[in-house]
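Asker: Just need the structure, nothing else, for what follows:
(chains A and B)
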Amino acid sequence: DAGITQSPRYKITETGRQVTLMCHQTWSHSYMFWYRQDLGHGLRLIYYSAAADITDKGEVPDGYVVSRSKTENFPLTLESATRSQTSVYFCASTSRDSAYEQYFGPGTRLTVT
Amino acid sequence: AQTVTQSQPEMSVQEAETVTLSCTYDTSESNYYLFWYKQPPSRQMILVIRQEAYKQQNATENRFSVNFQKAAKSFSLKISDSQLGDTAMYFCAFRGFQKLVFGTGTRLLVSP
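Answerer: Below is the predicted model:
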């Protein structure tokens, strides 16, 4: 199906473990984004990418790593998960020529115990 | 840095009535876009309405309309003829060059 997908939808992991959240889009959008959603904070930008092999930090990048070897994929890795990274994570994408609208994936709920 | 403020954490409205959600923002940019997103219990982020800052005319999408006051940096959302399916979190968002900045959200409950 066309669109933007995230996997897994739910994940429970332990403190200190590495975990990778996957994001895949079928529109060939050049821009991709990762946000985290926490109560009282809305959505905050973690990292974004303007194109393959181009990434940049957002508002809350500490503890996260991203890569973008292919236009359609934008994985987010927590190298050593902490309880403060328990959150809902959203991936989004947009095209260079869009009227700035971003399209969101369904989200991944991550719990770090 | 841009900031977006939603001062109403929760609001309630009865079915068929009208409700207005408030949003203010702060920016030094002259060209930007403003959005309202809806997040129902399914967690999916759904774009409700979009406003280009250079347009004076307020955007309208069916029952949803905005009151955009550029000088006051205000961007409120009016929902007319509220329906039970409008129950959701509503996020105001600002986009300048590339990145979206979100407010903290307003939880709207529509009751029968």
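Asker: and stretch B:32-41, what's its mean pLDDT?
Answerer: Stretch B:32-41 shows an average pLDDT of 94 in the prediction.
Asker: residues of that stretch that come out buried?
Answerer: Along stretch B:32-41, these residues count as buried under the neighbour rule (16 or more other Cβ atoms under 10 Å in any protein chain shown): B:Tyr32, B:Tyr33, B:Leu34, B:Phe35, B:Trp36, B:Tyr37, B:Lys38, B:Gln39. No exception for glycine: its C-beta is placed from N, CA and C like everyone else's.
Asker: same deal with stretch A:70-81?
Answerer: A:Thr71, A:Glu72, A:Phe74, A:Pro75, A:Leu76, A:Leu78, A:Ala81.
Asker: next one: stretch A:53-71
Answerer: For stretch A:53-71, the neighbour count (16+ other Cβ under 10 Å) marks A:Thr55, A:Gly58, A:Val60, A:Pro61, A:Tyr64, A:Val66, A:Ser67, A:Arg68, A:Thr71 as buried.
Asker: And for A:Trp27, the neighbour number?
Answerer: 15 (other Cβ atoms under 10 Å in any protein chain shown).
Asker: Likewise for B:Tyr54?
Answerer: 10.
Asker: Repeat that for the one 10 residues further on.
Answerer: Other residues lying near B:Phe64 total 16 when counted by other Cβ under 10 Å.
Asker: so it makes contact with B:Ile49?
Answerer: Yes: taking Cβ atoms under 8 Å as the definition, B:Phe64 is a contact partner of B:Ile49 at 5.1 Å.
Asker: which residues are common contacts for the two?
Answerer: B:Trp36, B:Leu77 (Cβ atoms under 8 Å, 6 or more residues apart in numbering or on different chains).
Asker: quick revisit: so which two of the buried residues of stretch A:53-71 are the farthest from each other?
Answerer: Farthest pair in the buried residues of stretch A:53-71 (Cβ to Cβ) is A:Val60 and A:Thr71. Separation: 24.5 Å.
Asker: so what's B:Pro9 up against?
Answerer: With contacts defined as Cβ under 8 Å, 6+ apart, the neighbours of B:Pro9 are B:Thr104, B:Gly105, B:Thr106, B:Arg107.
Asker: again, only this time at 7 Å
Answerer: B:Thr106, B:Arg107 (Cβ atoms under 7 Å, 6 or more residues apart in numbering or on different chains).
Asker: got it, and B:Thr24?
Answerer: B:Thr5, B:Lys73, B:Ser74.
Asker: what's near enough to touch A:Val88?
Answerer: A:Gln37, A:Gly107, A:Thr108, A:Arg109, B:Arg43.
Asker: Excluding chain neighbours, what is closest to the first one?
Answerer: Spelled out, that is A:Gln37. Spatial nearest neighbour of A:Gln37, chain neighbours left out: A:Val88 (4.5 Å); criterion: Cβ to Cβ, 6 or more residues apart in numbering or on different chains.
Asker: now the end-to-end length of stretch A:36-55.
Answerer: End-to-end distance of stretch A:36-55 (Cα to Cα, to the nearest Å): 17 Å.
Asker: so how far is it from its chain's centroid?
Answerer: Distance of stretch A:36-55 from the chain centroid (Cα atoms, centre = their mean, to the nearest Å) equals 6 Å.
Asker: which secondary structure elements does the helix or strand of chain B with the lowest mean pLDDT contact?
Answerer: Within chain B, no helix or strand scores below strand B:100-102, which has a mean of 89 by mean pLDDT, DSSP states H and E. Applying 3 or more Cβ pairs under 7 Å, 6 or more residues apart in numbering or on different chains; DSSP states H and E, one finds that strand B:100-102 contacts strand B:3-5, strand B:88-95.
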